[in-house]
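J.: below are the sequence and a predicted model for it; my questions follow.
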Amino acid sequence: FIDEGEQTTVERVDVTGYQVVAPGRIQRLLQVKRQAPFVPLEVRADHSRISQYYGTIGYPRAQVRTSCRRLGGERIACDSPRLPPMCQRTSFEELIDGACQWREGATPTLVCERRVRSEECQFEDGVVDEQIIIQHEIDEGPRVRIGEVLLKGNFKTRSGVIFRELPVETGELLNVQELIEGQGNMRSLGLFDSVSIETIGLDDEEAPGYDQVASLIISVEESRTHFMDFRFGVEGRDPASDSRRLLLTGETQYTNNNLMGSGQRFRPRLIGAMDTLDLTRLRGGEASGVTGLDYLLGAELIYNHPRFLKGQTGIDKLFLTITPFYLIDQLGVTTDQVLREEWGLRLELRKELAEWLERFFVTMGVEAKQAATWTPNDLRVNGERIFSPRRATAKLLPELTLDRRDSPLNPTRGFHLQFKPELVSGDALAQGGEELIGDSYWRLSIAASVFFRFWNDFTLGQGVRVGQIVPLFDRQTLVPPDERFYLGGVGSVRGFSGNSLGPVGELQQPTGGEFMVNYNLELRYPLVRNWSLYGATFFDVGMLVDCFDDDNQRSGSQCYDNAFPEDEPFRQFRGAAGIGLRYLLVDQIPLLFDYGMVLDRRPGEGFGSFHFNLGYTF
């Protein structure tokens with residue numbers, strides 16, 4: 001039962017005491033206008049806006065006193081009226097006795113008809129009138145300029161790094177809002193455990209007509225910025241197939257988050273892996289034709305500047321990353337079915353455009369590399385793999401990302417959108433570089449996912465990925481294997497082994513494809529909450545084709561003709577369903593165990609596939 005009572009409106013809003021601010025500017029700060037409904041929270045928000053504005057124009061000592069007056073002139077508190085304590089029901093037993101009943105539903109709710117013990121109880125204090133006058137009285141105080149600026153605690157960090165985040169100079173007007181924002185920017189660098197700013201001299205009285213001078217003391221407590229990481233693990237791949245592998249993996253990374261006190265980051269990284277089952281095969285005489293152990297070895301020198309060009313352009317939080325890299329992968333760890341040796345350089349600029357959309361990121365990357373590849377469809381000579389000739393590839397890598405998930409690792413609500421239109425030159429140095437433009441193509445990929453949470457701890461997630469190779473200038477050359485799309489496995493259709501779907505080569509081994517569609521649906525639910533153990537039921541479907549016709553000619557429409565044949569439009573789609581377990585490490589990082597069953601088995605295919613992974617499929 002609701003008794004709405006009478007509505008209170010604002011007769012007028014009076015502002016007095018301002019001298020250095022134009023009347024029009026004051027009025028623009030006020031959200032509560034004449035004849036508007038009286039809302040105490042909005043009145044307090046106007047009070048706060050006026051105070052904050054004075055703090056940005058050099059008047060940090062300005063005081064704003066806000067009050068309400070009846071039409072007769074009597075001052076009253078700008079609050080909602082309250083019932084006397086003796087009239088309020090304060091215990092559960094009192095509520096039950098006061099004509100309350102439980103309303104059934106997903107969450108049972110106690111609904112009470114009356115809030116008071118007696119109808120004689122009346123509201124008191126606060127505003128009970130039909131009309132009210134709001135009064136803002138401003139005492140501007142003195143104008144304050146910045147005096148000396150002292151730094152304290154930056155034993156390793158250069159002073160310029162701090163002043164870049166907090167651009168203050170002696171003689172400038174004191175801007176409280178800039179100090180607060182600068183303090184937050186300094187914390188976001190990850191260099192300091194604490195940051196504090198203290199003003200000295202604000203309490204001193206100056207002669208009338210003179211600006212007051214306040215000194216600043218910026219105190220920081222530097223955090224640990226140099227350390228080494230060592231990681232070792234075991235990873236199983238295709239456990240039910242003849243090509244199963246048991247990989248021993250390792251990674252070493254040195255991290256320096258404050259390179260030479262500049263606030264820039266340097267992270268050399270070394271990774272390695274080997275197949276331990278190769279040792280068993282060699283010892284048991286099963287490795288005829290294999291000349292040695294396969295392995296993976298990679299190295300990266302990652303340099304990151306989190307405030308690139310900020311001092312020159314004023315653009316905040318523009319991230320620059322430069323990464324020289326080398327990789328030799330004889331195991332197909334990075335992409336199943338593709339072995340490679342490559343080296344090159346990646347450069348990336350990343351910026352969050354929060355002024356447009358919250359968590360909207362724009363990335364522009366450039367990559368140049370030389371690579372040689374081998375796939376199971378390629379030849380061996382005396383047991384030795386014959387890698388392709390080296391090719392030089394140049395890429396332009398723009399990326400747009402909108403991330404509204406509640407967690408990037410374990411999302412339960414929100415959505416994620418990503419668009420990556422990569423421009424690739426197939427062989428930038430072929431024939432002296434003449435084919436840098438003529439041998440180019442777009443590698444387009446779009447990904448979208450959405451998550452819903454219901455029944456307290458159930459999560460329904462859906463994800464869609466679409467990828468297509470679009471050649472430029474009538475390019476007819478087959479896309480190199482390490483640039484093609486792949487489908488199958490823990491990251492796409494979980495009833496199949498990794499990257500096993502799609503077109504096959506002369507040796508009936510998967511080659512990847514140029515047009516890909518993948519849809520995933522997954523329901524996650526708690527099994528043992530105290531152990532962070534969850535179950536999952538999923539459905540996956542995917543399609544992967546090439547874009548060539550029977551005469552081996554490429555056309556733009558051929559992708560869709562191959563993907564959706566006229567006689568059987570959905571013949572190319574493969575589906576799987578299954579169940580799984582998720583164990584959440586530190587309640588965020590999912591350890592995934594899935595078994596997917598093929599829904600449309602074909603001759604020679606297995607019943608399903610087991611997968612283990614760190615991180616969700618989408």
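T.: Thanks, I have the structure now. Everything numeric in this text was worked out from a predicted model, so none of it was measured. Numbering: from 1, shown residues only.
J.: what are the contacting residues of stretch 217-229?
T.: 149-157, 162, 166, 186, 190-200, 251-258 (Cβ atoms under 8 Å, 6 or more residues apart in numbering). Where you see a C-beta, it was placed from the backbone N, CA and C, and this is true even at glycine.
J.: may I ask which helix or strand of the chain has the lowest mean pLDDT?
T.: Least confident helix or strand, the chain: helix 92-97 with a mean of 53, by mean pLDDT, DSSP states H and E.
J.: thinking again about what came up before, out of the contacts of stretch 217-229, list just those in strands.
T.: In strands, defined here by DSSP state E, the members of the contacts of stretch 217-229 are 149-152, 192-200, 251-256.
J.: how about residue 390, phi and psi?
T.: phi -70, psi 140 (degrees, to the nearest 10).
J.: wait, isn't it in contact with residue 370?
T.: Yes: in this structure, residue 390 is within contact of residue 370 by Cβ atoms under 8 Å, at 5.2 Å.
J.: what is residue 447 paired to in the beta sheet?
T.: residue 418, residue 465 (DSSP bridges).
J.: I'd like to know how far it sits from residue 394.
T.: Residue 447 sits 24 Å away from residue 394, going by Cβ to Cβ, to the nearest Å.
J.: so in this structure, which helix runs the longest?
T.: Assignment by DSSP state H gives helix 40-56 as the longest helix of the chain.
J.: which other helices and strands contact the helix or strand just after that helix?
T.: Moving toward the C-terminus from helix 40-56, the first helix or strand encountered (DSSP states H and E) is strand 63-69. Applying 3 or more Cβ pairs under 8 Å, 6 or more residues apart in numbering; DSSP states H and E, one finds that strand 63-69 contacts helix 40-56, strand 75-76, strand 131-139.
J.: name the residues of strand 63-69 that are buried.
T.: 64, 66, 68-69 (16 or more other Cβ atoms under 10 Å).
J.: how about stretch 358-371?
T.: Buried residues in stretch 358-371 (16+ other Cβ under 10 Å): 360-361, 363, 365, 367, 369, 371.
J.: equivalent analysis for stretch 210-219, please.
T.: Buried residues in stretch 210-219 (16+ other Cβ under 10 Å): 212-214, 216, 218.
J.: now do stretch 487-506
T.: Buried, per 16+ other Cβ under 10 Å, within stretch 487-506: 487-502.
J.: state the distance from the residue lying closest to residue 35 once chain neighbours are set aside to residue 77.
T.: Closest residue in space to residue 35, ignoring its immediate chain neighbours: residue 9 at 5.8 Å, by Cβ to Cβ, 6 or more residues apart in numbering. Going from residue 9 to residue 77 by Cβ to Cβ gives 18 Å.
J.: report the buried members of the contacts of stretch 217-229.
T.: 149, 153-154, 157, 162, 166, 186, 191-192, 195, 197, 199, 253, 255, 257-258.
J.: can you give me the helices for the stretch 451-600 of the chain?
T.: Using DSSP state H, counting those that start in this stretch, the helices of the stretch 451-600 of the chain run over 558-563.
J.: which residues of it score low on pLDDT?
T.: The model of the stretch 451-600 of the chain has pLDDT under 70 over residues 556.
J.: which strand residues bridge the residue nearest to residue 35?
T.: With DSSP bridges as the rule, residue 9 is bridged to residue 37, residue 131.
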